[in-house]
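K.L.:
A predicted structure for the sequence below; I have some questions about it.
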Amino acid sequence: MSKAGASSRVRAPGSMDPVTYGKATRQIIFEKSINPGWAPYNQHIRRALGFREKNAGGKGRPVFASENVNQLYGELDDMAKKLPNHSQQELKRAWEKQTYTKDVRRLVDNYGEKIWGDSLKDRELSSNPKSQLLTAEDGSEAGNLFYQYERHRKFITLQLEHLLFMKAIAVYHNYHGPSAPRSAAESRPVSTRSTRPGASKPRKRSSSVARYIFTFRLPSDKMRAVLCRTSKRIAEKKRARDAAGRLLYEVTGESDNEWTPTKRRRPSQRYPRLSASDVTDDDSSASEQSVEGDESSTAGRNGSDGALVVGPVSEEVKRSMRMDMAVSLYSELCHEDDGSHNKLPDANSMLVASKRLDNVIHTLRRQDEDKLRKSLGGSFQQDLRTLDAWLSWREGCWLLSEATGIHPFGGQPTPRFTVGQWNNMFGGGEKCRRIHQTLLKCGQIALGIHDGKDEKTLSTASSLARVFAAMAESPMLEQSLPNHIVAHNKLLSSWKMDFWL
């Protein structure tokens, strides 16, 4: 299949992606890849698995940085030749019956620990020039996959089987499909004879045609003069620039010449957060004001996406963000009582939704500060201190959630890891120590917000609900959210922050 054909079938943003962690299932892969007979490039699947390639973007068989990955890829090639690649229908049936799932699991058992068992530090090129896997910062589709996690092993197995069948489908298209090349003998009907048409006799030109041709033939010196004048005018046109210094021929057709780079990221930016002492109005013990978090959560796109926005935004975008914030607040805060927290597919999706809500709140807090001061009146300073401490507390929980692959509201058991295992997950003992210190400070913030006293707990919840109602410009939130915020804070504080053995 040509690259042009594949690029014309780009999936719409937000659609179910057969190579995205948390969304990929056997049914989605069948509908998006196996059934239509075309799929994302094999390179997309390889990047989802985190394979680091030496000839990334080149043509031909990929060459990987790891010999283990090269051997695994070679075994997939051998298995693809054994699949029923003479028929696409047979390939579909083999996928639905999971005929080759056991063989792929055997490959995962043999190579899984060797490839996906590396620590995060060993995957970074800065610390390990022989790194065999991409990291989330390198643009890996699935992020950082670790073999010790069962969900990650299932995703690895599914995508290796996906890659195996895409190889077989490529063989079908290249050798057996309707667009496969045919030899001259196969394409010619048996009953037809190859006859060469006789050469036609040259005809003389009419006198009128000959006269015009003769007329337009210029002597060589005159032709050179014409070409020189023409090329000079073109050169002057190309050298002309506008007031901004742009070449005029570049800005003549704006609709054709404008382009927007894809996947452009803004540098992350920190905003000061307040500690537990700010909530209790006790200035005697000052703590660090910003919680060390994952910078990927603040990688900017635009306000409607839920990412932090540094510059000013239009009123239309803010209206959309306010509505999104109100809906996300109900989804985030009102699921503990009805037991419907499993409506999101997995912990990763829940974490993305939680971070998205926090980013929207941060953005509106910065963009509408004057409006909030007028709306909240005398409680403005205290309400914002409570909000900042609450957001810092949540961000500390997200640090641990990213490392363990669980979510506080996911109904999963609390993990218990050794110090060595924590060091591997966080990429080194020094970084692990800093994160542990940050989490302990978040625990202090949690005590300031939820100290077990009903009046203090309800007062904090009422303050947060008042801020949310003012931000979203929805007065009903002030009455409907306090009890749900109380339940949310109790559950978050019961989620143990110190999991060390």
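P.N.:
Cool, the structure landed.
K.L.:
check contacts around the closest residue to residue 101 other than its chain neighbours.
P.N.:
Once flanking residues are discounted, residue 101 sits nearest to residue 161: 6.2 Å by Cβ to Cβ, 6 or more residues apart in numbering. C-beta here means a position set from N, CA and C on the backbone, and glycine is covered the same way. For residue 161, the contacting residues are 100-101, 104, by Cβ atoms under 8 Å, 6 or more residues apart in numbering.
K.L.:
and which of those is nearest to residue 171?
P.N.:
Nearest to residue 171 among the contacts of residue 161: residue 100, at 14.5 Å, using Cβ to Cβ.
K.L.:
hmm, residue 94 and that closest one touching each other?
P.N.:
Yes: counting by Cβ atoms under 8 Å, residue 100 touches residue 94, with 6.6 Å between them.
K.L.:
need the overlap of contacts for those two.
P.N.:
residue 83.
K.L.:
secondary structure element for the residue nearest to residue 101?
P.N.:
helix 150-171 (DSSP states H and E).
K.L.:
again, but for residue 317
P.N.:
With DSSP H and E as the test, residue 317 turns up in helix 315-333.
K.L.:
buried residues in that helix?
P.N.:
317-318, 321-322, 324-326, 328-329, 331-333 (16 or more other Cβ atoms under 10 Å).
K.L.:
sorry, back to before: enumerate the positions of the helix holding residue 161 that are buried.
P.N.:
By neighbour count on 16+ other Cβ under 10 Å, the buried set for helix 150-171 is 152-153, 155-171.
K.L.:
and the gap between residue 160 and residue 99?
P.N.:
The gap separating residue 160 from residue 99 is 15 Å, by Cβ to Cβ, to the nearest Å.
K.L.:
run through the stretch 351-500 of the chain and note the low-pLDDT ranges.
P.N.:
The model of the stretch 351-500 of the chain has pLDDT under 70 over residues 410-416, 441-454, 494-500.
K.L.:
50 - rerun?
P.N.:
497, 499-500 (pLDDT under 50).
K.L.:
so which residues of it form helices?
P.N.:
Applying DSSP state H, counting those that start in this stretch to the stretch 351-500 of the chain gives helices spanning 369-376, 380-404, 419-426, 429-449, 454-472, 476-480, 482-494.
K.L.:
any chance of the ones you listed in TSV, plus distance to residue 67?
P.N.:
Formatted as TSV, the helices of the stretch 351-500 of the chain follow (distance: least, Cβ to Cβ, whole Å):
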stretch	distance to residue 67
helix 369-376	56
helix 380-404	29
helix 419-426	22
helix 429-449	29
helix 454-472	54
helix 476-480	57
helix 482-494	45
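K.L.:
hey, which of these is tucked in deepest?
P.N.:
The highest average neighbour count among the helices of the stretch 351-500 of the chain, using mean count of other Cβ atoms under 10 Å, belongs to helix 380-404 at a mean of 22.
K.L.:
show me the one of the helices of the stretch 351-500 of the chain that comes nearest residue 42.
P.N.:
Using Cβ to Cβ, the nearest of these to residue 42 is helix 380-404, at 28.5 Å.
K.L.:
who are the packing partners of the closest one?
P.N.:
Applying 3 or more Cβ pairs under 8 Å, 6 or more residues apart in numbering; DSSP states H and E, one finds that helix 380-404 makes contact with helix 276-279, helix 347-367, helix 369-376, helix 419-426, helix 429-449, helix 454-472, helix 482-494.
K.L.:
just want the angle from that helix to helix 315-333.
P.N.:
Counting by axes from the mean of the first three to the mean of the last three Cα atoms, to 10 degrees, helix 380-404 lies at 60 degrees to helix 315-333.
K.L.:
next, the angle helix 454-472 makes with helix 380-404.
P.N.:
Using the same axes, to 10 degrees, helix 380-404 lies at 90 degrees relative to helix 454-472.
K.L.:
can you get me a residue count around the residue lying closest to residue 128 once chain neighbours are set aside?
P.N.:
Residue nearest to residue 128 in three dimensions, not counting chain neighbours: residue 122, with 4.9 Å by Cβ to Cβ, 6+ apart. Around residue 122 there are 15 other residues, counting by other Cβ atoms under 10 Å.
K.L.:
element containing residue 122, please.
P.N.:
Using DSSP H and E, residue 122 falls in helix 120-123.
K.L.:
check which residues of that helix are buried.
P.N.:
Neighbour counts using 16+ other Cβ under 10 Å place 120-121, 123 of helix 120-123 among the buried residues.
K.L.:
contact partners for the closest residue to residue 95 other than its chain neighbours?
P.N.:
Of all residues not flanking residue 95 in the chain, residue 34 sits nearest, at 5.0 Å (Cβ to Cβ, 6+ apart). Residue 34 sits next to 91-92, 95, 165, 169 when contact means Cβ under 8 Å, 6+ apart.
K.L.:
tell me the pLDDT of residue 34.
P.N.:
Predicted confidence (pLDDT) at residue 34: the value is 79.
K.L.:
for residue 108, see how far away it is.
P.N.:
20 Å.
K.L.:
what of residue 460?
P.N.:
47 Å.
K.L.:
try residue 402
P.N.:
Distance from residue 402 to residue 108, by Cβ to Cβ: 24 Å.
K.L.:
and what of residue 371?
P.N.:
Residue 371 is 54 Å from residue 108, by Cβ to Cβ.
K.L.:
please apply the same query to residue 379.
P.N.:
With Cβ to Cβ as the criterion, residue 379 and residue 108 are 56 Å apart.
K.L.:
ok, residue 467 next?
P.N.:
48 Å.
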